[in-house]
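Novice: Any chance you could fold what I've pasted below:
(one chain, ligands or ions: 2)
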Amino acid sequence: MTRTFLKRKGARRGRGGAMFTLSRDEVRELDRRAINEFGVPGVVLMENAGRGCAELLMRLNPERKPVVILCGPGNNGGDGFVIARHLDNHGWPVEVWVFADLQNDLTPVLSPDAAVNFAILRQTHRGNAHARLVRLAHPRSWGTHPQLRDYLFDELKTPAWVVDALFGTGLSRALATPYDEVVAQVNASRNPVLAIDIPSGLDCDTGELLGPTVKATHTATFVAHKRGFLNTASKPWTGEVHVIDIGAPRVLVDEYRRKAGERPA
Ligand SMILES: NC(=O)C1=CN([C@@H]2O[C@H](COP(=O)(O)OP(=O)(O)OC[C@H]3O[C@@H](n4cnc5c(N)ncnc54)[C@H](O)[C@@H]3O)[C@@H](O)[C@H]2O)[C@@H](O)CC1
Ligand SMILES: [K+]
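Specialist: Numbering: from 1, shown residues only. Ligands and ions are numbered 1, 2, ... in the order given. Have a look, this model is predicted:
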């Protein structure tokens, strides 16, 4: 399989003229170092990430079409909760779907930073007509609660923007139930999709599909393009890529630029 590499005009040239990109391991390491070496709390990076995506989506969706945000159990889902809050703050109609295990008190099992933003959203949501929160149980109950699936699939058939906050750099295997069905419905809905960081299902290092993959109209990716976005085969799945600054210290990002043979910012 031949992989042709995208040369974006005007992009700052690294070695061999390719665009500055980060691999999955590099961007996860950069996040960890921003937190552990520079003391930027993870929830601050997440707030910057989510706010940047919300501001992009408000520009892409000025007519305020309803926004259906699909959140996974990790920090990619956490970005989705932040996006929901900022859109709701500005009066965009939002509905959040959470795909996660449920504890016996029916709170979803989420990564720590995602749980912080889920709790804020639930507080904001109390008595707030705009932001409805529909919790989806984990795959085990997806099959036994067809009404949840039917409700979501009906939602996806009405004109809306869909936000894919299911999986980002934590994706480690092909999507299976219920995500494969959900992704198929999203792609069949022909609604515009904003993928958060990476379209769920895409291998961000190779740009190839791990399995069922969200077909995004736009992708808001953090810190820098991902290595796999240079593979033109990824283009139909990422759509237009926008780089969102999450506030990682410049001196840290410059270290990765220099490693890539780039001039510091
Ligand atoms: N502090 C940070 O590291 C930041 C991370 N950010 C976001 O966090 C994302 C990475 O978050 P996480 O590491 O929590 O991982 P993800 O949120 O990408 O994935 C969540 C979890 O899903 C599980 N999973 C993986 N593949 C699966 C599959 N095929 N089916 C079912 N479950 C699967 C894994 O246990 C994984 O931990 C980034 O892509 C970005 O969106 C941003 O908020 C910026 C700051
Ligand atoms: K995603």
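Novice: Measure how buried the nearest residue to Arg33 once chain neighbours are set aside is and give me the count.
Specialist: Closest residue to Arg33 apart from its sequence neighbours, by Cβ to Cβ, 6 or more residues apart in numbering: Leu252 at 6.0 Å. For the C-beta atoms, the positions are set from N, CA and C on the backbone; glycine is no exception. Residues lying near Leu252 (other Cβ atoms under 10 Å) number 16.
Novice: Three-state assignment for Leu252, please.
Specialist: Here Leu252 is helix, with the state taken from DSSP: H, G, I helix; E, B strand; the rest coil.
Novice: hey, where'd the helices end up in this structure?
Specialist: With helices called from DSSP state H, the chain shows them at 24-36, 42-60, 75-89, 112-125, 139-142, 146-157, 179-189, 235-238, 250-259.
Novice: For ligand 2, see how far away Leu166 is.
Specialist: 5 Å (Cβ to the ion, to the nearest Å).
Novice: swap that for Arg258, please
Specialist: On the measure of Cβ to the ion, Arg258 and ligand 2 end up 29 Å apart.
Novice: how near is that residue to Pro264?
Specialist: Counting by Cβ to Cβ, to the nearest Å, the gap from Arg258 to Pro264 is 6 Å.
Novice: now do Ala160
Specialist: Taken as Cβ to Cβ, the span from Ala160 to Pro264 is 41 Å.
Novice: Those two - which one has more neighbours?
Specialist: Between Ala160 and Pro264, counted using other Cβ under 10 Å, Ala160 has the larger neighbour count: 19 against 10.
Novice: which one is the more buried one nearest to, not counting chain neighbours?
Specialist: Pro66 (4.5 Å).
Novice: Repeat that for Phe38.
Specialist: Nearest to Phe38 is Pro249, by Cβ to Cβ, 6+ apart, at 5.0 Å.
Novice: can you pull the contacts of that neighbour?
Specialist: 34, 38, 40 (Cβ atoms under 8 Å, 6 or more residues apart in numbering).
Novice: Helix or strand with the lowest mean pLDDT in this protein?
Specialist: Sorting the helices and strands of the chain by mean pLDDT, DSSP states H and E puts strand 132-136 at the bottom, at a mean of 61.
Novice: can I assume Val186 is in contact with Leu152?
Specialist: No. Assessed by Cβ atoms under 8 Å, Val186 is found out of contact with Leu152, at 9.7 Å.
Novice: So which bits of the stretch 51-200 of the chain are right by ligand 2?
Specialist: 164, 195-196, 200 (Cβ under 5 Å from the ion).
Novice: Out of those, who's the most crowded?
Specialist: That'd be Ile196 among those, by other Cβ under 10 Å, with 34 neighbours.
Novice: what is it paired to in the beta sheet?
Specialist: Counting by DSSP bridges, Ile196 forms beta bridges with Ala220.
Novice: distance of it from Arg126?
Specialist: From Ile196 to Arg126 the distance is 25 Å (Cβ to Cβ).
Novice: Same question for Arg64.
Specialist: Taken as Cβ to Cβ, the span from Arg64 to Arg126 is 23 Å.
Novice: What of Ala188?
Specialist: 34 Å.
Novice: what about His145, distance to Pro108?
Specialist: 15 Å.
Novice: Could I get the pLDDT score of Gly74?
Specialist: If you check Gly74, the pLDDT there is 97.
Novice: That one against Leu171, yeah?
Specialist: No. Using Cβ under 8 Å, Gly74 is not in contact with Leu171, being 9.4 Å away.
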